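A.B. asks: Structure for this input, please:
(2 chains)
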2 protein chains.
Amino acid sequence: MKKFLISKSRRLRSTPFTSRLEKYGIGAYTVYNHMLLPTFFSSPEEEYSHLKEHVQIWDVSVQREIEISGKDSSELVQLMTCRDLSNSKIGGCYYAPLVDSEGGLVNDPLIYRLEEKRWRVCIADSDVLLFAKGISAAKNLEVNIFEARIDTLAIQGPKSFELMKKVFGEKINNLKFFKFDFFDFNKKKYLISRSGFSKQGGFEIHIDNIKAGLELYDYFFETGKDFNLKPGTPNNIERIEGGLLSYGNDMDIGDNPLECGFDKYVNLESDILFLGKESLKRIKKKGVTKKLMGVKIEAKSINVTEGMPILDLDKKEIGELRSGAFSPKFEKIVGIAMIKKDFCRVSQKFQININNSLTHGEICNLPI
Amino acid sequence: MKKFLISKSRRLRSTPFTSRLEKYGIGAYTVYNHMLLPTFFSSPEEEYSHLKEHVQIWDVSVQREIEISGKDSSELVQLMTCRDLSNSKIGGCYYAPLVDSEGGLVNDPLIYRLEEKRWRVCIADSDVLLFAKGISAAKNLEVNIFEARIDTLAIQGPKSFELMKKVFGEKINNLKFFKFDFFDFNKKKYLISRSGFSKQGGFEIHIDNIKAGLELYDYFFETGKDFNLKPGTPNNIERIEGGLLSYGNDMDIGDNPLECGFDKYVNLESDILFLGKESLKRIKKKGVTKKLMGVKIEAKSINVTEGMPILDLDKKEIGELRSGAFSPKFEKIVGIAMIKKDFCRVSQKFQININNSLTHGEICNLPI
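C.D. replies: Next up, the predicted model:
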């Protein structure tokens, strides 16, 4: 595929780590929440293998954190999501689909409950800040909403546990999946969650002090040598295999959470109030018409730059491929596709046009 | 400056014209409203000169159009902007700062009044869709809000008038600045506005039929030969000289419209209702603390990839450079900077660190 340069400007924000990362040789950027996100250093394939065996440090500052605090903060956070947060605990991270009043997906953040009345919504690529501000202003809620000055480093991979123990001490081993706590390094306190956009295990370090964060970054590089630590990025191959969805790629505001397999986060029976409740009730009653599924395609390479039609054997459109990459594990393309309900069957055969050649594939479950 | 590639994916949407444009040799992309926007073909300098003398065709489909219709549509549109739209007319385009309840700039769209109760908000780079949906859902307004399937071609440059006459007929000459109307080509109707992100004059053609739009694009290329038409993009040099502000570069949600010189669109005396009214009244009464100004810097090249501190002669910070480019006209850098109020004087001298070298500059008015 033809390659294109990116034009930088203030509008595509750098992170505190950008200049360091560029020294390590960034392969390419994408833009996410108006900010630069590296997509690979050496190659996605090399980094895929390395991530599954060792440990990587990722600059995921693009996961901007919308802080919502104040008397009505819990009401506002709940209004945005179909997940029942009424029993959420301080110290918990909640994967929570945000929906508009029609039930369309606005974002799929991880929501952190910092205090009884203080939340952080750690967002995928859409301006949740404006959604929250719109609701709050219209309802005259007593809240404070802003994009926090938090930049996040993810430590991901099987060796992340040993490495993190070395940096932050034994206590880090007590941190359970999707929980967060505070840990010390060099006399500074860091909010660390056991989370991250890979299935290889790991942590996310939420940094509120840039100078200290840069020192921490350099320390990781030094100490990480024993663990074969390398700079990395969220890896498209690994996350597709693992069924980790990417907002804007796999689903968007034209899809609802029931179509995306988020059923257990759509809590319609509870008495919580959220904007899309009536719509989602209607949709659930009627049944969805399409669903996100995994796919495997008999090809060695693909560039998914827009939705690609998935055809049945009569060339009738039955869905749309939204992400795809060559998987070294399966030795074929793996992908995520929105498929019409009647065709959401494991092993359902299909065809897809890749570089003007009809190629065979079949539907599978997620994770692949 | 080091060059970096862009990683394409479905999340960075293509436009209907992307594949055609790539054949003409795109130099680089930026991302705007989650969509690909070319930043130049040959070079920004060459295209700057060409734009001022001839005519260019730009794919500005990234100017996504949020359509708001229904009984309460005028109320919703007014709630978002500090510009009084109560006397707005069908057929008019209104440059209108959108503000949050603190008076922070959410976007600076051109708002089209299509019908009494049907508006199009033609947006800069932020998710106005979510802002509008948040307000509307919270207030239970009777509106229909969606991103319209409109892709826009801009015809810009002094020869645009003759070229447009040749394509759409004499009638186009009657279209006044910041008005729109409907014009026929090849049995299809197009909404065309006399507008565009340059000071060289021109039009924007709002296309709702992709197939017809592609035919129109090709026809322009064929017919445009007589006018030395070339593919172009919004030109950073030309727009800075002309004082055309770029949301996300020159100003963002941390700035208010009074700081950006939008005073005449901040209608606080009228009895309209908008979210930021009380805040802007307070700010106006107190007076702003900073203002966007033009700058000229004695250097030949610059890459503004983040806000760059502007220092007085004692090296005290007095502002931040937000955009900049070498101007062939002034034979120096021209830029747009947010300057502390006390230093907003024409001819105020300053220093700025460019590539580790302190360089002299002075403040000027916008347009430069």
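
A.B. asks: Now do the same for the nearest residue to A:S9 once chain neighbours are set aside: its pLDDT.
C.D. replies: Once flanking residues are discounted, A:S9 sits nearest to B:N249: 5.5 Å by Cβ to Cβ, 6 or more residues apart in numbering or on different chains. C-beta here means a position set from N, CA and C on the backbone, and glycine is covered the same way. With respect to pLDDT, B:N249 scores 98.

A.B. asks: Which strands or helices does the strand or helix carrying A:L79 pack on?
C.D. replies: Here A:L79, judged by DSSP states H and E, is contained in helix A:73-80. Packing partners of helix A:73-80 (3 or more Cβ pairs under 8 Å, 6 or more residues apart in numbering or on different chains; DSSP states H and E): strand A:118-122, helix A:128-139.

A.B. asks: ok, now with 10 Å
C.D. replies: strand A:65-69, strand A:98-99, strand A:110-115, strand A:118-122, helix A:128-139, strand A:144-147, helix B:128-139 (3 or more Cβ pairs under 10 Å, 6 or more residues apart in numbering or on different chains; DSSP states H and E).

A.B. asks: Go through chain A and flag its longest strand.
C.D. replies: strand A:317-327 (DSSP state E).

A.B. asks: How about the stretch 201-350 of chain A: which residue is closest to chain B?
C.D. replies: In the stretch 201-350 of chain A, the residue that lies nearest chain B is A:G248 (3.4 Å; Cβ to the nearest Cβ).

A.B. asks: Around chain B, pick out the residues from the stretch 201-350 of chain A.
C.D. replies: A:233, A:236, A:246-250, A:252-254, A:274-276, A:303-308, A:320-324 (Cβ under 10 Å from any Cβ of the partner chain).

A.B. asks: Pull out the buried members of these.
C.D. replies: For these, a neighbour count by 16 or more other Cβ atoms under 10 Å in any protein chain shown gives the buried set as A:233, A:236, A:246-250, A:252-253, A:274-276, A:304-308, A:320-324.

A.B. asks: so A:F203 makes contact with A:F168?
C.D. replies: Yes - in this structure A:F203 lies within contact range of A:F168 using Cβ atoms under 10 Å: 8.8 Å.

A.B. asks: Identify the contacts common to these two.
C.D. replies: A:155, A:175, A:183, A:190, A:192 (Cβ atoms under 10 Å, 6 or more residues apart in numbering or on different chains).

A.B. asks: A:C93 - nearest residue in space that isn't next to it in sequence?
C.D. replies: With Cβ to Cβ, 6+ apart, the residue lying closest to A:C93 is A:F178, at 4.5 Å.

A.B. asks: Next up, the contacts around that neighbour.
C.D. replies: A:F178 neighbours (Cβ under 10 Å, 6+ apart): A:92-95, A:110, A:112, A:193-195.

A.B. asks: would you turn those residues into JSON lines with neighbour count and pLDDT?
C.D. replies: Listed next are the contacts of A:F178 as JSON lines, based on neighbours: other Cβ atoms under 10 Å in any protein chain shown; pLDDT from 0 to 100:
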{"residue": "A:G92", "neighbour count": "16", "pLDDT": "97"}
{"residue": "A:C93", "neighbour count": "21", "pLDDT": "97"}
{"residue": "A:Y94", "neighbour count": "20", "pLDDT": "98"}
{"residue": "A:Y95", "neighbour count": "16", "pLDDT": "98"}
{"residue": "A:L110", "neighbour count": "22", "pLDDT": "98"}
{"residue": "A:Y112", "neighbour count": "25", "pLDDT": "98"}
{"residue": "A:S193", "neighbour count": "24", "pLDDT": "98"}
{"residue": "A:R194", "neighbour count": "21", "pLDDT": "97"}
{"residue": "A:S195", "neighbour count": "23", "pLDDT": "97"}
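
A.B. asks: Which of those sits closest to B:A138?
C.D. replies: B:A138 has its nearest neighbour among those in A:Y94, at 21.9 Å by Cβ to Cβ.

A.B. asks: by contact count, what packs against the helix or strand hosting that closest one?
C.D. replies: Per DSSP H and E: A:Y94 is located in strand A:93-95. For strand A:93-95, the elements it packs on are strand A:110-115, strand A:118-122, judged by 3+ Cβ pairs under 10 Å, 6+ apart.
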